[in-house]
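>>> below are the sequence and a predicted model; questions follow.
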Amino acid sequence: MTNIHPTAIIDPKASLAETVSVGPYCVVGPHVVLADKVDLKSHVVVEGRTQIGKGTTVYPFASVGHQPQDLKYGGEPSELHIGENNVIREHATLNPGTEGGGMVTRIGNNCLIMVGAHVGHDCQIADHVILVNNATLAGHVEVDEWAILGGLSAVHQFVRIGKHAMIGGMSGVENDVIPYGSVYGNRAVLNGLNLVGLKRRGMDRETIHALRNAYRLLFAQEGTMAERVADVEEMMKDNEPVTDILNFIKAESSRGICQPKAGDAS
């Protein structure tokens, strides 16, 4: 049966699966949907048109689904979709979408959103993403699978973070980060590949070697980016991780690609 603490306030219109647990002083709004084994620890507020998937745990004082922090928001019935087996820690804030961004903010499965992290309106977060303490995503940010955003990092609106990328702590990210890339700095610069993360994910030495060669070629000083992309595509067209990077660079985006410092593409 659903385990609801007597101090919790649950709107009768909310939809709660039988195995949901709602701890002391939580508040759950009328349009909220909580799947099996969702666990709201205590003092959690879940509002708006928010769906939380099976096995997700939300820790005290998290604010989930309240009105987005966007002056253009006009009360439209936008949504927040949170997947399965996520961990959302204390004081995290997650906002729904807006009409200008597709109406839905999405968080995938098996993500860890740590203390004080913020997911802004219309963000699209894939599976296995980690937002370390106080990492901040502005609106419309896309984060692909297995990316890690270090503590106190901040990502500009509309930026894309590629799969397996690593964002160093306290970095300000204004431009798109390639898959498998590692960036850091007050205004983040590309600092090579996320080799530690690749090894943790079990990527073999041959694939990592190919990625390093592709990286050197893509961010060399000679020629234009378009020319370098074409060259690498021809040379390594059968290498899937390299293709991930090439497709990311070629995709339409309102932001530029985060680059290494001049002369530092080793």
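Nice, I can see it.

>>> for the strand or helix carrying L80, C-alpha coordinates in CSV please.
In this structure, L80 sits in strand 79-82 according to DSSP states H and E. Extracted in CSV, the C-alpha atoms of strand 79-82 (Å, rounded to 0.1, in the frame of the first residue of the first chain):
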residue,chain,number,x,y,z
GLU,A,79,5.4,19.5,-18.2
LEU,A,80,8.3,17.9,-16.4
HIS,A,81,9.1,14.3,-17.1
ILE,A,82,11.5,12.5,-14.8
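
>>> just checking, what packs against the helix or strand that that strand is followed by?
From strand 79-82 onward toward the C-terminus, using DSSP H and E, the following helix or strand is strand 87-88. Applying 3 or more Cβ pairs under 8 Å, 6 or more residues apart in numbering; DSSP states H and E, we find strand 87-88 packed against strand 57-58, strand 112-113. C-betas here are computed from N, CA, C, even on glycine.

>>> how about Q221, phi and psi?
When read as degrees, to the nearest 10, the backbone of Q221 gives phi -80, psi -20.

>>> residues near it, how many?
8 (other Cβ atoms under 10 Å).

>>> rewinding a little: what residues of the strand holding L80 count as buried?
By 16 or more other Cβ atoms under 10 Å, the buried positions in strand 79-82 come out as 79-82.

>>> CSV please, covering the helices and strands packed on strand 87-88 and showing mean pLDDT, mean neighbour count and distance to G150.
Converted to CSV, those look like this (pLDDT from 0 to 100; neighbours: other Cβ atoms under 10 Å; distance: least, Cβ to Cβ, whole Å):
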stretch, mean pLDDT, mean neighbour count, distance to G150
strand 57-58, 99, 24, 22
strand 112-113, 98, 22, 13
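
>>> nearest to K37, out of those strands?
With Cβ to Cβ as the criterion, K37 lies closest to strand 57-58 of the helices and strands packed on strand 87-88, at 8.8 Å.

>>> show me what the closest one is in contact with.
Residues outside strand 57-58 that contact it (Cβ atoms under 8 Å, 6 or more residues apart in numbering) are 38-41, 44, 46, 52, 64, 86-88.

>>> if we use 6 Å, what do you get?
Where contact means Cβ atoms under 6 Å, 6 or more residues apart in numbering, the residues beyond strand 57-58 that reach it are 39-40, 44, 87-88.

>>> so where is the protein shaky, pLDDT-wise?
1, 263-266 (pLDDT under 70).

>>> what segments of it are helices?
Secondary structure of the chain by DSSP state H: the helices cover 195-200, 205-218, 225-235, 240-250.

>>> quote the end-to-end distance of stretch 40-57.
Terminal residues of stretch 40-57 lie 6 Å apart, using Cα to Cα, to the nearest Å.

>>> now it: buried residues?
40-57.

>>> among the residues you listed, which are in strands?
Applying DSSP state E to the buried residues of stretch 40-57, the entries found in strands are 40, 45-46, 49-52, 57.

>>> now the buried residues of strand 79-82 as CSV including distance to I4?
Output for the buried residues of strand 79-82, formatted as CSV (distance: Cβ to Cβ, whole Å):
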residue, distance to I4
E79, 24
L80, 22
H81, 23
I82, 20
